[in-house]
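Student: Starting from these lines, generate the structure:
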Amino acid sequence: MAGKVIQNKRAFHEYHILERFEAGIALKGTEVKSLREGNVSIVDAFAKVEDGEVFLYNMHITPYEEASIFNVSPTRKRKLLLNKSEIKKLSGKSTLKGLTLVPLKVYFSGRGWAKLELGIAKPKKLFDKRADLKKRDVEKEIRKAVKSR
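Tutor: This next block holds a predicted model:
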């Protein structure tokens with residue numbers, strides 16, 4: 001696999017992921033080069049369905065240094081490439097109260113295409129976040145105890 005896998009770890013802390021979709025990303029040439037180097041942030045990104053198309057907002061791709069005049073805005077809105085049936089499913093679920101479309105990871109497929117894993121997510125409450133942290137700490141202590149034996 002060429003390039004790096006960029007994950008949105010904050011999404012798993014902030015949201016319950018209900019369903020996942022794989023989408024292609026419509027990118028310009030210099031953005032692809034910058035993405036291959038791993039110069040991307042999807043922490044503040046979100047997706048929206050508009051007029052039968054899905055767009056990704058706030059994904060920051062650092063401008064490629066060697067291509068000064070061909071660079072585009074780092075946080076421009078980018079079109080996501082999905083099937084019509086998937087778009088209908090996403091638009092139906094994203095209009096439900098409290099559900100959002102959150103990018104989970106960006107990677108390159110085996111054929112070299114830039115892909116984005118998109119999740120339908122429901123925000124966690126504060127007590128859910130605390131419970132997850134507590135669970136993780138307990139598991140960490142168990143692993144430590146097993147390792148020390």
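
Student: how about the strands of the chain, start to end?
Tutor: For the chain, the strands defined by DSSP state E occupy 6-7, 15-25, 40-41, 46-50, 53-57, 60-61, 78-81, 100-108, 114-123.

Student: Return the residues in contact with residue 82.
Tutor: 21, 23, 24, 54, 90 (CB atoms under 8 Å, 6 or more residues apart in numbering). Backbone N, C-alpha and C define where each C-beta goes, glycine included.

Student: Please report phi then psi for it.
Tutor: Per-residue torsions, residue 82: phi -140, psi 160 (degrees, to the nearest 10).

Student: Quick check: PyMOL command selecting the buried ones in the contacts of residue 82.
Tutor: In PyMOL, this line selects whichever of the contacts of residue 82 come out buried by 16 or more other CB atoms under 10 Å:
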select buried, resi 21+23+54+90
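
Student: May I see the strands of the chain organised as TSV, with mean pLDDT and distance to residue 31 added?
Tutor: Formatted as TSV, these follow (pLDDT from 0 to 100; distance: least, CB to CB, whole Å):
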stretch	mean pLDDT	distance to residue 31
strand 6-7	89	13
strand 15-25	91	9
strand 40-41	90	9
strand 46-50	90	17
strand 53-57	93	12
strand 60-61	89	5
strand 78-81	92	8
strand 100-108	92	11
strand 114-123	91	8
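
Student: Sweet, I'm off.
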